[in-house]
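1. Build the 3D model from these lines:
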Amino acid sequence: MSDENRNTEQAGTLHKENEMSNFEMTTESVKNIGDRATWELKAIIRALTFMEIFNTDDDNIRLKSARLILKSRKRSNI
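-> Numbering: from 1, shown residues only. So this is what the prediction gives:
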């Protein structure tokens, strides 16, 4: 196997590991904010979407988690 193929394969492995760690962080974040009231989650989403360019990685994870929780609550209320 050539060096270029090895580097590409290693980069793909690292990308998959990063995706897994992001998923774990999102799952952990859902656990942390899952007990919040619906109005609190809406306020979090409103605040974090106002100027997304200033969000940190943790803020983006919190935003995705809040959206995921609200989406699941809407499904369960149908």
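
2. Sketch out the low-pLDDT regions of the chain for me.
-> 1-27, 29, 78 (pLDDT under 70).

3. Helices of that one, residue ranges please.
-> 3-33, 38-50, 57-76 (DSSP state H).

4. For the last one, name the packing helices and strands.
-> For helix 57-76, the helices and strands in contact under the criterion 3 or more C-beta pairs under 8 Å, 6 or more residues apart in numbering; DSSP states H and E are helix 3-33, helix 38-50. For every residue, glycine as well, the C-beta is placed using N, CA and C.

5. Could you pull out the buried residues of it?
-> 61, 62, 63, 64, 65, 66, 68, 69 (16 or more other C-beta atoms under 10 Å).

6. One more: the second one?
-> Buried residues in helix 38-50, counting neighbours by 16+ other C-beta under 10 Å, are found at 41, 44, 45, 48.

7. Compile the residues you listed into CSV and extend it with columns for distance to residue 55.
-> Converted to CSV, the buried residues of helix 38-50 look like this (distance: C-beta to C-beta, whole Å):
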residue, distance to residue 55
41, 16
44, 12
45, 12
48, 6
